[in-house]
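In: Sequence first, predicted model second:
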Amino acid sequence: MEHYFLIDHIRKNKRYSLTRLLNENRGQVTLGRLDNGATIEVGWEDGTLIDMTMDISRTHATITATGDIPYITDGGSRGNSRHGTFVNGKRLTDAGHLLKNGDEIFLGEYYGPLETKVVDIPAKEHLTQ
């Protein structure tokens, strides 16, 4: 069984289990600005670059599951060139993007990379991850 993680390199490689979060949150995970209630809150915790953090929306992007594969869509910031969601250097379109191992996500111009990691976990170990 494949298990998906999101690695936040800015926050010292903080690791989120997308598979677990999708299961716990009815198949939807939101990425948004720190201290604003998103499932995964991103931003600079030490208060530096606060102006850049404001480029991140409260619900900047959403990850849902298409079968077992996470799928990311932009939260509506496409009209503003600074605030979009980018995967592997390309702005997300309305079609979104199926996440795969090694994909790099940037929120706005500055926040990222958030990197997708996929690992194979035997079914019996999946429940403990």
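Out: That came in fine, so what should we check first? Numbering: from 1, shown residues only.
In: ok, which stretches of the protein are helices?
Out: Applying DSSP state H to the chain gives helices spanning 18-24, 50-53, 123-126.
In: In this structure, where's the longest strand?
Out: strand 111-120 (DSSP state E).
In: How about residues contacting that strand?
Out: If you take CB atoms under 8 Å, 6 or more residues apart in numbering as the criterion, strand 111-120 is touched by 1-10, 18, 31, 42-43, 52-53, 55-56, 70, 86, 99-107. To be clear about C-beta, it is placed using only N, CA and C from the backbone, and glycine gets the same treatment.
In: Separate out the buried members of these.
Out: 3-6, 8, 10, 18, 31, 42-43, 53, 55-56, 70, 86, 99, 103, 105-107 (16 or more other CB atoms under 10 Å).
In: The residue minimising distance to the centre of the chain pairs with what?
Out: Geometric centre of the chain, nearest residue: Leu31, 5.4 Å, by CA atoms, centre = their mean. Using DSSP bridges, the beta-bridge partners of Leu31 come out as Ile40, Ala61.
In: all strands for this structure, in order.
Out: Counting by DSSP E, the strands of the chain are 2-8, 14-17, 28-33, 40-42, 61-66, 69-74, 85-87, 90-91, 97-98, 104-107, 111-120.
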